[in-house]
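Q: Provided below for reference: sequence and predicted model.
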Amino acid sequence: MPTSSAEEGPHHESVLLKEALWWLRVKPGGIYVDGTVGLAGHSKAILERSSPDGFLVGFEWNEASYRLAKEKLKPFSGRYLLVRENFALLKEVLKKTGKAPVDGILLDLGLSSYLLEGSGGGFSFLRDEPLDMRMDKRLPRTAKDLVNQLSPLQLEELIRAYGEERYARRIASAICKARRQEPIRTTRQLAEIIFQAVPPKYRHGKIHPATRTFQALRIVINRELENLKKFLEDAPEVLKPGGRLVIISFHSLEDRLVKKAFKDDHRLKVLTKKPILPAPEEVLSNPRARSAKLRAAERI
């Protein structure tokens with residue numbers, strides 16, 4: 001998405017915004033959680049819809065995004081609490097702040113345009129940045145650590161399991177060969193190694209051949225699936241009866257976890273038998289929405 005002027009700050013187009021608000025059933029006076037605030041697109045919409053007395057608890061792990069979100073939410077002063085923690089700490093934070101139980105919880109698991117395009121965090125191979133990929137700089141390991149320190153087998157298993165990459169072995173082997181010459185330090189270095197490692201016919205497909213490997217590294221570094229599992233266990237406990245849980249995922253590993261958790265949890269009633277997908281118009285205006293899937297459940 002385009003980045004707005006310096007005065008306005010970075011811009012991010014919130015995916016499935018209308019659908020998220022509808023399934024959350026946002027109403028005045030309700031208490032809501034945005035587990036992934038980002039640049040506050042969904043948060044602002046929830047606060048507007050729940051006006052004049054609704055309250056929002058927002059979680060934002062990334063320090064730069066947290067600062068930007070605070071600026072964007074200033075007009076709603078007194079009606080929100082923004083915490084710089086991962087959504088995995090949902091239950092602990094809500095109980096500590098006395099905000100549980102809540103009327104609705106939203107989780108948008110997509111990476112914001114800002115993190116991809118403006119953070120310098122090494123999340124994208126489309127620009128040359130240090131190979132970091134930590135959502136939170138307090139985390140111990142970077143992508144550079146993984147690609148330069150893991151064994152060929154460990155790298156292969158990581159890329160296959162978390163990236164669902166068919167050429168995981170070739171890519172892992174190429175990474176290990178390249179790092180013997182010099183350490184792999186930047187996103188462009190790594191993307192080029194991957195590009196050369198895959199068969200020529202695979203280099204110009206719908207997605208860049210580095211996409212799945214970058215995804216796998218990011219998931220492992222940020223413990224994304226472990227955090228999501230903990231959240232899915234805890235979220236029903238902090239919802240009021242009739243409260244809604246709405247999750248937007250962007251790849252199959254996440255979506256499978258959400259689908260199974262909703263189906264298996266006796267505290268929840270599944271509201272979306274099939275995932276809600278973005279309308280064609282939204283995908284046209286925001287291509288990053290194309291892989292989004294929304295699932296909703298209600299606390300019994």
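A: Yep, it's here. The structure presented is a predicted model; accordingly, all values stated were derived computationally and were not measured.
Q: any buried residues in stretch 261-281, and which?
A: Under the neighbour-count criterion of 16 or more other C-beta atoms under 10 Å, stretch 261-281 has Ala261, Phe262, Asp265, Leu268, Leu271, Thr272, Pro275, Ile276, Leu277, Pro278 buried. Any C-beta I mention is one placed from the backbone N, CA and C, and that applies to glycine too.
Q: could I get it in CSV with only the CA atoms?
A: Written as CSV, here are the backbone C-alpha positions of stretch 261-281 (Å, rounded to 0.1, in the frame of the first residue of the first chain):
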residue,chain,number,x,y,z
ALA,A,261,-9.3,-24.5,18.0
PHE,A,262,-12.8,-23.1,17.2
LYS,A,263,-14.1,-26.6,16.4
ASP,A,264,-12.6,-28.4,19.4
ASP,A,265,-13.3,-25.8,22.1
HIS,A,266,-16.5,-26.6,24.0
ARG,A,267,-16.7,-23.0,25.2
LEU,A,268,-17.2,-21.7,21.7
LYS,A,269,-19.9,-21.8,19.0
VAL,A,270,-18.5,-21.5,15.5
LEU,A,271,-20.2,-18.7,13.5
THR,A,272,-18.4,-19.1,10.2
LYS,A,273,-18.7,-22.6,8.8
LYS,A,274,-16.4,-21.5,6.0
PRO,A,275,-13.9,-18.6,6.3
ILE,A,276,-15.0,-15.2,5.1
LEU,A,277,-12.8,-14.0,2.2
PRO,A,278,-12.2,-10.4,1.0
ALA,A,279,-14.5,-9.1,-1.7
PRO,A,280,-12.9,-8.9,-5.2
GLU,A,281,-13.0,-5.1,-5.0
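Q: re the thing from before, closest to Ser113 out of the buried residues of stretch 261-281?
A: Pro278 (15.4 Å; C-beta to C-beta).
Q: need phi/psi at the closest residue to that closest one other than its chain neighbours.
A: Among residues not flanking Pro278 along the chain, Ala289 sits closest, at 4.3 Å (C-beta to C-beta, 6 or more residues apart in numbering). Ala289 has phi and psi values of phi -80, psi -10 when expressed as degrees, to the nearest 10.
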